[in-house]
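**Q** from the sequence below, what's the structure:
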Amino acid sequence: MALSTRFTELFGVEHPIALAPMGGSAGGALAAAVSRGGGLGMLGAANGDPEWLARELPLLAEAAGRPWGIGFLTWQIDVGAIERALEHQPRAVMLSFGDPSPFTERIRASGTLLIIQVTDLEEANRAVDVGADVIVAQGTESGGHG
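**A** Purely as a prediction, here's the structure:
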């Protein structure tokens, strides 16, 4: 039985579960499996390496048309990484650790949902200002991040 929440309605998924887009761990096969299972599979693209994206993004075809997303370490990417991801029509793009503003307009213009991970109140306010659809508040227990 599916649980209907604002999250499930926003992302078009059956269950309010998202795979963390862990760079180096959340590849295309894992993200596709989570999406096939009714959650939001998130590809962990980290620095947006073009070769890695070329290998992993096609694996999301295995998501069988289910919604999926992709996450980047904002301070390590350029607009080319965002463009490559958007060509594959993710339901969401998540930006973490850095100023999201150079990328948010392009993401929002594509109709893709924008998730921004924040580590403090200042970042949360900035995420609101740039139009985040979802804000992920990360604590100090997140593997040393932040």
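
**Q** could you use CA atoms for every contact and neighbour count after this?
**A** Will do.

**Q** what ranges do the helices span in this protein?
**A** Counting by DSSP state H, the chain has helices at residues 6-11, 28-36, 50-56, 79-86, 101-109, 121-129.

**Q** for D99, what are its contacts?
**A** T74, W75 (Cα atoms under 8 Å, 6 or more residues apart in numbering).

**Q** give me the neighbour count for the spatially closest residue to A20 that is not a sequence neighbour.
**A** Distances taken as Cα to Cα, 6 or more residues apart in numbering put M42 closest to A20, at 6.2 Å, once the chain neighbours are dropped. Residues near M42, counting by other Cα atoms under 10 Å, number 30.

**Q** pretty sure M42 sits against I17.
**A** No: at 10.4 Å, M42 and I17 do not qualify as touching, with contact defined as Cα atoms under 8 Å.

**Q** re earlier: how much space between the residue nearest to A20 and D129?
**A** Distance, M42 to D129, by Cα to Cα, to the nearest Å: 24 Å.

**Q** give me the below-cutoff pLDDT ranges for the chain.
**A** Low-confidence segments of the chain (pLDDT under 70): 1-2, 139-146.
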